[in-house]
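Peer 1: A structural model of the following input is requested.
(one chain, ligands or ions: 1)
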Amino acid sequence: WPGTAERLDGELTVGGIGVSELADRYGTPLFVLDEAEFRSRAGEYRDAFGSGGADVYYAGKALLTKAVARWVREEGLKLDVCSGGELAVALAADFPPERIGMHGNNKSEEELARALDAGVGRIVLDSFDEIERLERLAAERGSVPDVLVRVTTGVEAHTHEFVATAHDDQKFGLALSTGAAAEAVRRVSAAENLSLVGLHSHIGSQIFDTAGFEVAAARVTRFLAETHRELGVTLPELNLGGGLGIAYVSSDTPLDPKTIAHSLLDIVQRECDTHGIPVPRLGVEPGRAIAGPSGITVYRVGTVKDVEGLRTYVSVDGGMSDNIRTALYGSEYTCLLASRNGEGTEPVLARLVGKHCESGDIVVPDLYLPRDVRAGDLVAVAATGAYCHSMASNYNNLPRPAVVAVRSGEARALVRRETEEDLLRRDVG
Ligand code: LLP
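Peer 2: Numbering: from 1, shown residues only. Model prediction:
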């Protein structure tokens, strides 16, 4: 069980509260966030990187609510947002705009204008169109925003391995290999209303190996040296993005924040020494590694169906609308019977499925549950704090679950459960 919960008297408890009490108070499905766990993970990244003079931006796309933004601020992290909506949540939580970095491969004029008007600290430029657009909007306002150029290094990282690809065949950023990145640096440096402060690189997600990060860091640092030598531009910041993996199942082996911080700071320092350029201030953007293990999802079992000789289908009251990751990425999860321990009962091979109208609506394809699992039981899925609430949908017109925070035996709602009235209110035809 990689989650943030323990069994007390047979029942799973999170932050000192039993799942049955949480389910009774807030209904199911329910996203439960362990505030202390979130804060302590944020603090670990802040300390590991901060001690080396690096900035940690929490990636809000993993999970962002006003309370989460306040925790991030209180723990001394910066915040990465990638849409006007995420920016709105951060500003509504009084997150200091100068500590916000803004991403996106297709930020609208309106989003860029809001970022400028709010005074966000860094805007990460992703394309030539955007360089022009932001330059014009900044000139109209007489402002000179600090910007980074997002580059692609040809390093494509996947879980345990990394593949150095020759082509940068995806939508984000400007390629080092084609000269697009150098051209972008030239244009941004020449733009009167843009202040180029650095480069950005993000290689992927759910990574367990430092190698991909190291190759990317080395390539970007070499490029920094080239811009220094050939364009006479010295860039003081280098953001290496997010992507640090977490344990969803027991075979996952996450990197320790100190190990990754040490290895990145070290490689950038060495490359800079080799090329004789000043060492830039590093930045990272962990999202999943902070939010993921801090959350669990509690579901109530509705029906149980035995398929003779194969498996038992255990249907819960949510599914792909609150966790699309299994259907979308084939992600793995760990699930437990939560309202009682079922000890002494023989296990049965089960499949945890949702209530949506398609057979691909699977939360956990294969797991063992006590044979007597039945309607009314609560089950909990671990490590759902990241990319579950934030990717939730209303498929089949299901209202989205509430998000509650638990801490020292107290629970409070951060996001209330959606109602059918909420959904109908938008249906204005
Ligand atoms: N920075 C940038 C520029 C990113 O694109 C991302 C993730 C992050 C930081 C944070 O990455 P993290 O540390 O959370 O891995 N929906 C997918 C993940 C997509 C991530 C996209 N970008 C999932 O559920 O696995």
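
Peer 1: what's whatever helix or strand residue 327 lives in in contact with?
Peer 2: Residue 327 belongs to helix 325-329 when assigned by DSSP states H and E. For helix 325-329, contacts defined as Cβ atoms under 8 Å, 6 or more residues apart in numbering pick out 320, 331-333, 360-365, 387-388, 391. The way it works is simple: take the backbone N, C-alpha and C, and place the C-beta from them, glycine included.

Peer 1: now those: which count as buried?
Peer 2: Neighbour-count burial (16 or more other Cβ atoms under 10 Å) is assigned, among the contacts of helix 325-329, to 320, 331-333, 361-364, 387-388, 391.

Peer 1: correct me, but residue 115 touches residue 102?
Peer 2: Yes - between residue 115 and residue 102 a contact is recorded at 4.9 Å, counting by Cβ atoms under 8 Å.

Peer 1: these two: who's more crowded?
Peer 2: Between residue 115 and residue 102, residue 102 has the larger neighbour count (other Cβ atoms under 10 Å), namely 29 against 25.

Peer 1: verify the stated contact: that one with residue 125.
Peer 2: No - judged on Cβ under 8 Å, residue 102 makes no contact with residue 125 at a distance of 10.0 Å.

Peer 1: which stretches in the stretch 201-350 of the chain count as strands?
Peer 2: 237-239, 281-284, 295-307, 311-316, 335-337, 347-353 (DSSP state E, counting those that start in this stretch).

Peer 1: quick one, which of these is nearest to residue 148?
Peer 2: Of all the strands of the stretch 201-350 of the chain, it is strand 237-239 that lies closest to residue 148, at 6.1 Å by Cβ to Cβ.

Peer 1: tell me if that closest one is near the ligand.
Peer 2: No - Strand 237-239 lies out of reach of the ligand by Cβ under 6 Å from any ligand atom, never closer than 8.3 Å.

Peer 1: residues contacting that strand, please?
Peer 2: With contact meaning Cβ under 8 Å, 6+ apart, strand 237-239 is reached by 55, 57, 101, 124, 148, 197-201, 217, 220-221, 224, 268, 280-285.

Peer 1: identify the residues contacting residue 114.
Peer 2: Residue 114 neighbours (Cβ under 8 Å, 6+ apart): 84, 87.

Peer 1: next, it: phi, psi?
Peer 2: Backbone geometry at residue 114, expressed as degrees, to the nearest 10, gives phi -60, psi -40.

Peer 1: give me the pLDDT for it.
Peer 2: Residue 114 is assigned a pLDDT of 98 by the prediction.

Peer 1: quick check: the gap between it and residue 88.
Peer 2: Going from residue 114 to residue 88 by Cβ to Cβ, to the nearest Å gives 8 Å.

Peer 1: now residue 238
Peer 2: Relative to residue 88, residue 238 is positioned 29 Å away (Cβ to Cβ).

Peer 1: among the two, which residue is more densely surrounded?
Peer 2: residue 238 (24 against 15).

Peer 1: show me what the lengthiest helix in the chain is in contact with.
Peer 2: What stands out as the longest helix in the chain, according to DSSP state H, is helix 257-275. Outside helix 257-275, the residues that touch it by Cβ under 8 Å, 6+ apart are 44-45, 47-49, 51-52, 54, 210, 213-214, 217-218, 221-222, 224-225, 228, 238, 240, 244, 278-280, 282, 284, 289.

Peer 1: out of those, which end up buried?
Peer 2: 44-45, 48-49, 52, 54, 210, 213-214, 217-218, 221-222, 224-225, 228, 238, 240, 244, 279-280, 282, 284, 289.

Peer 1: just checking, residue 334 touches residue 383?
Peer 2: Yes - Residue 334 sits in contact with residue 383 when judged by Cβ under 8 Å, with a separation of 7.3 Å.

Peer 1: overlap in contacts of these two?
Peer 2: 2-3, 248.

Peer 1: any idea where the helices of the stretch 151-300 of the chain begin and end?
Peer 2: Along the stretch 151-300 of the chain, counting by DSSP state H, counting those that start in this stretch, helices occupy 180-190, 210-226, 257-275, 288-291.

Peer 1: just for the stretch 51-200 of the chain, where's the confidence low?
Peer 2: Applying pLDDT under 70 to the stretch 51-200 of the chain flags residues 158-167.

Peer 1: now tabulate the strands of the stretch 201-350 of the chain in JSON lines and tack on mean pLDDT and distance to residue 176.
Peer 2: Converted to JSON lines, the strands of the stretch 201-350 of the chain look like this (pLDDT from 0 to 100; distance: least, Cβ to Cβ, whole Å):
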{"stretch": "strand 237-239", "mean pLDDT": "98", "distance to residue 176": "13"}
{"stretch": "strand 281-284", "mean pLDDT": "98", "distance to residue 176": "18"}
{"stretch": "strand 295-307", "mean pLDDT": "98", "distance to residue 176": "36"}
{"stretch": "strand 311-316", "mean pLDDT": "98", "distance to residue 176": "46"}
{"stretch": "strand 335-337", "mean pLDDT": "97", "distance to residue 176": "42"}
{"stretch": "strand 347-353", "mean pLDDT": "97", "distance to residue 176": "43"}
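
Peer 1: near the ligand, which residues of the stretch 301-429 of the chain are found?
Peer 2: By Cβ under 6 Å from any ligand atom, the residues of the stretch 301-429 of the chain that approach the ligand are 325, 329, 386-387.

Peer 1: about what we covered before: what touches both of residue 115 and residue 102?
Peer 2: 87, 123.
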